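In: sequence isn't available, so here's the structure alone:
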């Protein structure tokens, strides 16, 4: 069993969900790249890998309910989460006005006052 699969199995051990199990809420894996995608991208990776056909479940609603009840969504913190927030804050391609609103109003809330300096530097380079 590869390392990424072991990490997912260990997370799921806290729940009634099993990989390729027989319960309707169990996850049936069709592509082993599923494990890396979920670890790399978190809940976004879970959704995208489903859309790509990498996994399936007869009762997806119950599977998601179990995941949320066991707070698994909070246990998989990815670099993707931080990188995505920074990318949207620093490289807003819509307009300088919108970028200023993000910089002055939203950036301090999401990431604290220190990020404001980085955003201001980014805006001056635009």
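Out: Structure received. No experiment lies behind these values; they were computed from the predicted model shown. Residues are numbered from 1 along each chain as shown.
In: alpha carbons only for contacts and neighbour counts from here, please
Out: Will do.
In: where does this protein dip in pLDDT?
Out: 1, 76-126 (pLDDT under 70).
In: could I get the full set of helices for it?
Out: Using DSSP state H, the helices of the chain run over 3-12, 33-51, 60-69, 72-75, 79-90, 96-101, 107-111, 114-125.
In: what about stretch 14-24, start to end distance?
Out: 17 Å (CA to CA, to the nearest Å).
In: that should have said stretch 44-63, apologies.
Out: Using CA to CA, first and last residues of stretch 44-63 are 16 Å apart.
In: list the buried residues in that stretch.
Out: 45, 46, 49, 50, 54, 55, 56, 57, 63 (16 or more other CA atoms under 10 Å).
In: distance to residue 69 added to these, as TSV?
Out: Listed next are these as TSV, based on distance: CA to CA, whole Å:
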residue	distance to residue 69
45	19
46	17
49	21
50	20
54	24
55	21
56	20
57	17
63	10
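In: what is the nearest of these to residue 12?
Out: residue 63 (10.8 Å; CA to CA).
In: quick check: that closest one touching residue 17?
Out: Yes - Residue 63 lies in contact with residue 17 (CA atoms under 8 Å); the separation is 7.1 Å.
In: common neighbours of the two, please.
Out: 25, 26, 27 (CA atoms under 8 Å, 6 or more residues apart in numbering).
In: now neighbour count too, for those, in CSV please.
Out: Formatted as CSV, those follow (neighbours: other CA atoms under 10 Å):
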residue, neighbour count
25, 22
26, 20
27, 20
